[in-house]
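S.K.: need the 3D shape of this:
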Amino acid sequence: MLGSFQDAEDALQDTLLAAWQGLEGFEGRASVRTWLYRIATNKCLNARRAASRRPVREWDVPGVELPEPTRLGEVVWLEPFPDTLLEGAIDAPSGPEARYEQTEAISLAFVTALQVLPPRQLAVLVLRDVLGFHASEVAGMLDSTVESVNSALKRARASLERRWPTAAGRELPPVADSPSGDAIVAKFVRAWESADLDALVALLTDDVFMSMPPMPFEYQGRDVVAGFCAGLFGAGRRFELVPTRANAQPAFGAYLRAPNGISHGVGLYVLTLTGDRICAMTRFDNSVLPWFGLPRSLPSR
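M.R.: The predicted model follows:
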């Protein structure tokens, strides 16, 4: 609902505190799960109304001239979510009303598309189509009516389909840790670490998309993304990549090699795969590295 790891952590703490303080008033008329989600949903709605989102940042990579972006993105507060925190949750069964697979519902593209929905529509869609609560349960959580919930859900689905079309004809991503997925990841690492632009471009779909929150710049298309990567590799810049996973997708901490041999963390890249190609790359700044247990720098080899 919040699109931000830090905001979600704050909302979780507020939820647990409110649940502890209100435990004596819990009458058992709904399940504990439903009661907790009612609290969490309202904490998130309050955060959406009150939060000052992360400010837009300017491009600040010395010696690298930024190509003209395809467009400017709206969701600059987006933050990646470490897969280690999904363990035991990603395979938990959703309710019978769930419309989206859990791995799909945590993907960066889906979470980004959700952020532009009005808060109550967003809450209804997450509760119904992701978590699988019945309309009557959602109405109770939001102090609303079933008719109002169904109306909000219809509008939310229509808006989501416009923002996040389910790419008809696009191949599904390979399963995590499968030989085909591992092969794509290995090719990407070799191309990026050796600054082999041709090998990297060969891995990209024609309509590959790149974004870099909290900077608003977005790039669409293989040639445009290739131009961005060429700028990064220019002037002899070389990187080391450390694998991790974010939002149920392959991710890498990127470290720029310095003349003294030490590699300094400059960001985190999250890949979206389709078949044996990369259809999206999202770059985050180096402030997110500690969330993934990644160091700020790597010693010389």
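
S.K.: three-state assignment of the nearest residue to P96 once chain neighbours are set aside?
M.R.: The shortest distance from P96 to any residue that is not its chain neighbour, by Cβ to Cβ, 6 or more residues apart in numbering, is 5.9 Å, and that residue is G132. (Each C-beta comes from the backbone N, C-alpha and C, glycine too.) G132 falls in the coil class when you classify it by DSSP: H, G, I helix; E, B strand; the rest coil.

S.K.: repeat for F209
M.R.: Secondary structure of F209, per three-state DSSP, is strand.

S.K.: pLDDT score assigned to it?
M.R.: You'll see F209 listed with a pLDDT of 96.

S.K.: same question, F5
M.R.: 94.

S.K.: based on its surroundings, how many neighbours for it?
M.R.: 19 (other Cβ atoms under 10 Å).

S.K.: please begin residue numbering at 574 from this point
M.R.: Sounds good: first residue 574 from here, last item F578.

S.K.: right, and it touches E652 too?
M.R.: Yes. Using Cβ atoms under 8 Å, F578 is in contact with E652, at 4.3 Å.

S.K.: overlap in contacts of the two?
M.R.: With contacts defined as Cβ atoms under 8 Å, 6 or more residues apart in numbering, the residues shared by F578 and E652 are V861.

S.K.: the residue nearest to P669: what's it in contact with?
M.R.: Listed by Cβ under 8 Å, 6+ apart, the contact partners of G705 are 667-671.

S.K.: which ones are touching P816?
M.R.: 758, 762, 823-825.

S.K.: is it bridged to anything, and to what?
M.R.: Each beta-bridge partner of P816 is listed here, defined by DSSP bridges: F825.

S.K.: quick check on the contacts of G705: which are buried?
M.R.: Neighbour-count burial within the contacts of G705 applies to 667, 670-671; the criterion is 16 or more other Cβ atoms under 10 Å.

S.K.: mind putting these in TSV, distance to I679 included?
M.R.: As requested, those are arranged in TSV below (distance: Cβ to Cβ, whole Å):
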residue	distance to I679
S667	12
E670	18
A671	13
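
S.K.: which residues in the protein form helices?
M.R.: Listed in chain order, the helices of the chain (DSSP state H) span 578-594, 605-623, 675-678, 681-687, 692-698, 708-714, 719-736, 752-766, 770-775, 795-806.

S.K.: scan this protein for its longest strand.
M.R.: Of all the segments assigned as strand in the chain under DSSP state E, the longest by residue count is strand 836-847.
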